[in-house]
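Q: For reference, the sequence and a predicted model appear below.
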Amino acid sequence: MRLERRLRSLFAALAVLVLPAFAAAQQRTPTPASTSEEKAADKDKDKDKEKKPEEKPAKEEKPSVTHHEIRAGGVVIRYTATAGYMPMKDEAGKLKANIFYMAYTRDGVAPGRRPITFTFNGGPGSSSVWLHLGAIGPRRVVMGDNGEPLPPPYRLVDNEYSWLAFTDLVFIDPVTTGYSRPAVGEKPEQFHGVQEDIESVGEFIRLYTTRYARWASPKFLAGESYGTTRAAGLSGYLQDRFGMYLNGIVLISSILNFQTADFNVGNDLPYVLFLPSYTSTAWYHKKLPADLQSGPLAKAVAESEKFALGEYDQALMRGSELPAAERQAVVKKLSRLTGLSEKFIESNDLRVPLFRFTKELLRDDRRTIGRLDSRFQGIDRDAAGERFDFDPSYAAIYGTYTAMINDYVRTELKYENDLPYEILTGRVRPWNYGTAQNRYVNVADTLRGAISQNRDLKVFVAEGYYDFATPYFAAEYTFDHLGLDPTLYKNIRHERYESGHMVYIHKASLVKMTADIAAFYQSAFSETH
């Protein structure tokens with residue numbers, strides 16, 4: 001396949017960039033340098049022995065270290081996996097939390113010059129399992145080519161599309177997700193909020209970078225969903241707090257400005273920005289008129305985008321002053337572009353919220369459509385009501401990924417922990433959105449500031465046509481309103497995929513996205529080395 005040949009070529013080019021100069025490099029992952037606390041402990045062994053058991057600090061758990069190899073992009077990659085806790089302490093040495101991570105470092109390459117990527121998912125309340133076992137890590141969950149679940153028992157295979165071909169990887173589970181937990185006696189809410197989360201994950205990145213001697217490495221972040229919110233916040237926090245400048249950020253299914261996706265009275269923006277996703281979904285389920293349905297997806301969404309930013313946006317802005325004839329014309333066009341009846345659109349006052357659309361589009365077929373991926377169909381108890389009973393696109397992936405991460409950690413990474421691995425938990429709520437101006441969180445300006453100060457910072461934005469959680473048009477709107485100097489917009493690259501929120505569960509999109517991101521890393525790395 002042409003795309004797969006392109007991917008192998010990109011992997012080979014990246015290998016040329018980072019490998020030859022370091023052929024004599026060490027073969028193992030460096031062990032963390034001894035901390036001042038460990039040195040002090042060695043000097044005071046006699047004093048420690050005299051302490052009462054309850055006065056001794058908790059012994060730091062050693063991570064599990066294992067060695068593996070895979071073939072990615074036609075190249076054999078030998079790597080070291082490290083899984084365990086990073087104890088997070090304040091400057092007085094008091095343990096605040098234990099953050100679980102899984103890291104993969106390529107053997108035979110000098111770690112100080114090898115790119116490293118810190119990666120996480122979103123939620124808030126999600127572990128890093130989705131990107132880990134779906135797209136980026138060395139092992140991948142087996143699903144159907146369109147992302148449909150296969151019957152249990154589930155299995156993993158070597159991920160020939162792993163980013164390990166061009167970067168080391170550190171998967172982070174924020175506090176209360178995965179195996180990460182607050183320390184005994186510590187209040188969980190100190191980690192559960194926009195700024196609190198940025199600070200705790202930022203401190204983890206600083207500490208890992210220090211312990212494993214990665215300050216000289218080209219550094220990248222990769223986040224999905226709320227993980228893109230975290231990544232944008234970290235771009236400024238790492239830079240301002242620690243002087244840590246990044247080479248690049250990968251945003252998969254991006255949301256930086258929550259006003260673009262929050263259906264509230266008085267906020268018309270989501271109705272405009274979701275419309276092209278309504279159109280792409282109606283096209284996929286064959287609910288558009290013949291002239292749109294018979295053409296490619298790109299043609300249908302192009303018409304929808306033009307209408308959304310033109311007549312539709314203006315109609316919503318005019319409100320009750322919109323003349324009846326113009327209103328009826330808007331109703332007809334909305335019906336044409338959504339597959340919904342004119343009566344339904346009129347009864348919603350031209351504003352169809354997402355939860356109603358997911359129930360209405362296939363109501364006559366007694367089916368609902370997914371929020372994370374609108375290609376998926378669900379079956380509710382009945383065909384009435386405004387909302388689906390469950391998100392069929394989440395149901396399709398939850399069981400598979402849960403089983404495989406629990407099996408993988410113990411059997412392949414040799415890490416044992418009896419705590420439940422929190423896949424996507426509500427235990428982080430209530431989440432503190434206290435940094436939001438007015439009512440909406442918006443970290444877009446933080447990213448703008450980071451790029452303005454660090455003009456070598458590159459951003460890649462991956463978007464799915466069938467993503468209703470973070471619609472592609474909303475992401476593009478946010479970047480179009482970033483306020484960057486015109487000379488810096490070249491630092492940002494957008495790519496669209498015919499998939500949903502988890503772009504990579506669709507095999508063809510996984511292959512294309514991997515090739516696109518490999519090229520992005522090649523550009524971001526080669527321009528500075």
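A: In hand now; what should we look at?
Q: Isn't residue 397 up against residue 505?
A: Yes - Residue 397 lies in contact with residue 505 (CB atoms under 8 Å); the separation is 6.6 Å. C-beta coordinates here come from the backbone N, C-alpha and C atoms, glycine included.
Q: sec struct for residue 135, please.
A: helix (DSSP: H, G, I helix; E, B strand; the rest coil).
Q: neighbours of it, just the number please.
A: 27 (other CB atoms under 10 Å).
Q: Likewise for residue 162?
A: So residue 162, with other CB under 10 Å, has 25 neighbours.
Q: so what's it up against?
A: Counting by CB atoms under 8 Å, 6 or more residues apart in numbering, residue 162 makes contact with 70, 72, 77, 136-138, 140.
Q: Out of those, which sit inside strands?
A: 70, 72, 77, 140 (DSSP state E).
Q: which neighbours do residue 397 and residue 505 share?
A: In terms of CB under 8 Å, 6+ apart, residue 397 and residue 505 are both contacted by the residues 143, 147.
Q: And the two? Which one has more around it.
A: Remark: of residue 397 and residue 505, residue 505 carries more neighbours, 30 against 24, as counted by other CB under 10 Å.
Q: list the buried ones in the host helix or strand of residue 102?
A: In the assignment (DSSP states H and E), residue 102 maps to strand 95-106. Using 16 or more other CB atoms under 10 Å as the test for burial, strand 95-106 gives 95-106.
Q: and what of stretch 260-280?
A: By 16+ other CB under 10 Å, the buried positions in stretch 260-280 come out as 260-261, 263, 268-280.
Q: between those residues, which is closest to residue 309?
A: Lowest distance from residue 309 to the buried residues of stretch 260-280 (CB to CB) belongs to residue 272, with 7.0 Å.
Q: quick one: pLDDT of that closest one?
A: With respect to pLDDT, residue 272 has a value of 98.
Q: shouldn't it be in contact with residue 308?
A: Yes - using CB under 8 Å, residue 272 is in contact with residue 308, at 5.0 Å.
Q: Need the nearest residue in space to residue 367, chain neighbours excluded.
A: Nearest residue to residue 367, sequence neighbours excluded (CB to CB, 6 or more residues apart in numbering): residue 377, at 4.5 Å.
Q: who are the neighbours in contact with that neighbour?
A: Taking CB under 8 Å, 6+ apart as the test, what residue 377 contacts is 362, 367-370, 392.
Q: Let's see which of those residues end up in strands.
A: 368-369.
Q: Out of the buried residues of stretch 260-280, the closest to residue 176 would be?
A: residue 261 (23.5 Å).
Q: Please name the residues that touch the closest one.
A: 255, 270, 273-274, 469-471, 474.
Q: So which of the buried residues of stretch 260-280 sit within helices?
A: 269-280 (DSSP state H).
Q: could I get those as TSV with distance to residue 486?
A: Formatted as TSV, these follow (distance: CB to CB, whole Å):
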residue	distance to residue 486
269	24
270	28
271	30
272	25
273	23
274	28
275	28
276	25
277	28
278	32
279	30
280	30
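Q: mind checking how far the most centrally placed residue in the chain is from residue 514?
A: The residue lying closest to the centre of the chain (CA atoms, centre = their mean) is residue 224, at 0.9 Å. Residue 224 sits 15 Å away from residue 514, taking CB to CB, to the nearest Å as the criterion.
Q: and what of residue 102?
A: For residue 102 relative to residue 514 (CB to CB), the value is 20 Å.
Q: now the helices: where do they sit in the stretch 1-150 of the chain?
A: 2-18, 36-43, 45-50, 129-131 (DSSP state H, counting those that start in this stretch).
Q: nope, the stretch 401-529 of the chain is what I was after
A: 444-453, 472-480, 507-526.
Q: Tell me which residues of the last one come out buried.
A: Meaning helix 507-526. 509-522, 524-525.
Q: got a list of what residue 359 touches?
A: Residue 359 neighbours (CB under 8 Å, 6+ apart): 368, 380, 385-388.
Q: Mind doing that once more with 6 Å?
A: 368, 386-388 (CB atoms under 6 Å, 6 or more residues apart in numbering).
Q: Also residue 300?
A: Neighbour list for residue 300: 279, 283, 292 [criterion: CB under 6 Å, 6+ apart].
Q: what about the strands in the chain?
A: Using DSSP E, strands in the chain cover 64-72, 75-89, 95-106, 116-120, 139-141, 156-158, 168-173, 181-182, 219-225, 248-254, 368-369, 377-378, 458-464, 492-497.
Q: Tabulate the ones you listed (JSON lines), appending distance to residue 327.
A: Below are the strands of the chain laid out as JSON lines (distance: least, CB to CB, whole Å):
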{"stretch": "strand 64-72", "distance to residue 327": "55"}
{"stretch": "strand 75-89", "distance to residue 327": "56"}
{"stretch": "strand 95-106", "distance to residue 327": "54"}
{"stretch": "strand 116-120", "distance to residue 327": "45"}
{"stretch": "strand 139-141", "distance to residue 327": "48"}
{"stretch": "strand 156-158", "distance to residue 327": "54"}
{"stretch": "strand 168-173", "distance to residue 327": "50"}
{"stretch": "strand 181-182", "distance to residue 327": "54"}
{"stretch": "strand 219-225", "distance to residue 327": "36"}
{"stretch": "strand 248-254", "distance to residue 327": "33"}
{"stretch": "strand 368-369", "distance to residue 327": "27"}
{"stretch": "strand 377-378", "distance to residue 327": "32"}
{"stretch": "strand 458-464", "distance to residue 327": "31"}
{"stretch": "strand 492-497", "distance to residue 327": "32"}
